[in-house]
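In: pasted the sequence and its predicted model underneath.
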Amino acid sequence: MRAIRVQANGGPEVLELAEVGSPSPGPREVLVDVAAAGVNFIDTYQRSGVYQLPLPFTPGSEGAGTVAEVGAEVTEFAPGDRVAWAMTPGSYAERAVVPADKVVKVPEGMDERTAAAALLQGMTAHYLVTSTYPVQTGDTALVHAAAGGMGLLLTQLVKARGGNVIGTVSTEEKEKLAREAGADQVIRYTEADVAEEVRDLTDGRGVDVVYDGVGRTTFDASLASLRPRGLLALFGAASGPVPPVDPQRLNTAGSVFLTRPSLASYILTRQELDWRAGELFEWISKGSLRITVGGTYPLADARRAHEDLEGRRTTGKLLLLP
């Protein structure tokens, strides 16, 4: 089969298309014919070596497809089942082996591309607004990169819970997308000081929560945008990792809270995985949550997908189609 391989850490140029042997599932694993693989920033962190994986490896933390074979101890899935998964490497390939306890069934009526585009970012948005900071009616959230895949989902979910959204974007086109998703106010970070604009928009109070997946270039503004005892959820580092932080800064910012969550910690049990994926798929099926696929690429173009993602030339979700 064909798969993308990383032989050494580095830039997008290290993503190489290769012919490899088709894997076999272990006792508690399933082998899946991959219909679509999600492209996420975590893939770029692993490719570059910011997050270390043993070399060589096949990247891709999310995908969807059809079960081709199940391991001897797997009883909950069968060949022919349509499934999706997240937080399991190896999805940039024509076939992937996935632990059975990480797989969920794709609902009837939902196509595999939608499922692949939804799961990792969708469950991340789910835990951020329901668990990391449970948004309440009247809360105001600052959502960075509001026209990206995560930003569009977060905006919709904050609004669904009765909150208000201030989104940051870089262009007029992205502002339009953010507003269509429900953003109440939008700040062009290329044209204005984000923290000052947030204070103006909140009558000096600041926001209750900041959802920041950008990292290094937005961290200071995020901290300065919080109300006293507000919470900064730093869930990604699209612009690079944040330098070490003196905890005294949290005091001077108003006794604020800082957390660095990740999806793996919020789907620790099968029950939690089923809850988050189940609610996510239900919202999509009912039309209350819209998934935006911003670009699709053949498997061989994984390098271009990473270049586009890291170059901030994209909106919505990117998919590889093996």
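Out: In hand now; what should we look at?
In: distance from the centroid: which residue in the chain tops it?
Out: For the chain, the largest distance from the centre (Cα atoms, centre = their mean) belongs to A72, which lies 32.2 Å off.
In: so F257 touches G230, yeah?
Out: Yes - look at F257 against G230 with Cβ atoms under 8 Å: they come within range, at 7.2 Å. Backbone N, C-alpha and C define where each C-beta goes, glycine included.
In: looking at the two, which one has more neighbours?
Out: Ranked by neighbour count (other Cβ atoms under 10 Å), F257 and G230 place G230 first, with 25 against 15.
In: the more buried one and D203: what is the separation?
Out: 15 Å (Cβ to Cβ, to the nearest Å).
In: what does P56 give?
Out: Relative to D203, and taking Cβ to Cβ, P56 is found at 54 Å.
In: neighbour count winner among those two?
Out: P56 (13 against 7).
In: straight-line length of stretch 62-80, end to end?
Out: 19 Å (Cα to Cα, to the nearest Å).
In: now it: buried residues?
Out: The neighbour-count check on stretch 62-80 (16 or more other Cβ atoms under 10 Å) flags E62, G63, A64, G65, V67, A68, E69, V70, G71, V74, F77 as buried.
In: residues making contact with that stretch?
Out: 24-38, 40, 81-88, 91, 95-96, 100, 103, 105-106, 112-113, 115-116, 119-120 (Cβ atoms under 8 Å, 6 or more residues apart in numbering).
In: again, but for stretch 16-33
Out: Residues outside stretch 16-33 that contact it (Cβ under 8 Å, 6+ apart) are 1-7, 58, 63, 65-74, 77, 83, 85, 93-101, 103, 299-300, 302.
In: apart from its neighbours in sequence, what residue is nearest R260?
Out: L234 (5.1 Å; Cβ to Cβ, 6 or more residues apart in numbering).
In: surely that neighbour meets D212?
Out: Yes - counting by Cβ under 8 Å, L234 does reach D212; the two are 5.1 Å apart.
In: these two: which is more packed in?
Out: Neighbours per residue, other Cβ under 10 Å: of L234 and D212, the larger number sits with D212, 26 against 23.
In: from A195, how far off is that one?
Out: As judged by Cβ to Cβ, D212 and A195 stand 12 Å apart.
In: can I get stretch 180-198 in CSV, CA atoms only?
Out: The C-alpha trace of stretch 180-198 is given here as CSV (Å, rounded to 0.1, in the frame of the first residue of the first chain):
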residue,chain,number,x,y,z
GLU,A,180,-21.3,33.4,9.4
ALA,A,181,-20.3,30.9,12.1
GLY,A,182,-21.9,33.3,14.7
ALA,A,183,-19.0,35.6,16.0
ASP,A,184,-20.5,38.6,17.6
GLN,A,185,-17.5,40.8,17.1
VAL,A,186,-14.4,40.3,15.0
ILE,A,187,-10.9,41.8,15.4
ARG,A,188,-8.5,42.0,12.5
TYR,A,189,-5.3,41.3,14.4
THR,A,190,-3.2,42.6,11.5
GLU,A,191,-4.8,46.0,12.0
ALA,A,192,-5.5,46.5,15.7
ASP,A,193,-4.1,45.7,19.1
VAL,A,194,-6.2,42.6,20.2
ALA,A,195,-6.1,43.2,24.0
GLU,A,196,-7.0,46.9,23.6
GLU,A,197,-9.9,46.0,21.2
VAL,A,198,-11.2,43.4,23.7
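In: contacts for it, please.
Out: Residues from elsewhere that reach stretch 180-198 (Cβ under 8 Å, 6+ apart): 142-143, 146, 151-152, 155-156, 158-159, 164-171, 175, 178-179, 201, 206-207, 218, 220-221, 224-225, 290.
In: for the most centrally placed residue in the chain, give me its contacts.
Out: Residue closest to the average C-alpha location in the chain (Cα atoms, centre = their mean): Q121, at 3.0 Å. By Cβ under 8 Å, 6+ apart, the residues touching Q121 are G38, N40, G149, M150, L153, K317.
In: V214 now?
Out: V214 makes contact with H144, A145, G236, A237, A238, S239, according to Cβ under 8 Å, 6+ apart.
In: any of these buried? List them.
Out: Buried residues within the contacts of V214, defined by neighbour count using 16+ other Cβ under 10 Å: H144, A145, G236, A237, A238, S239.
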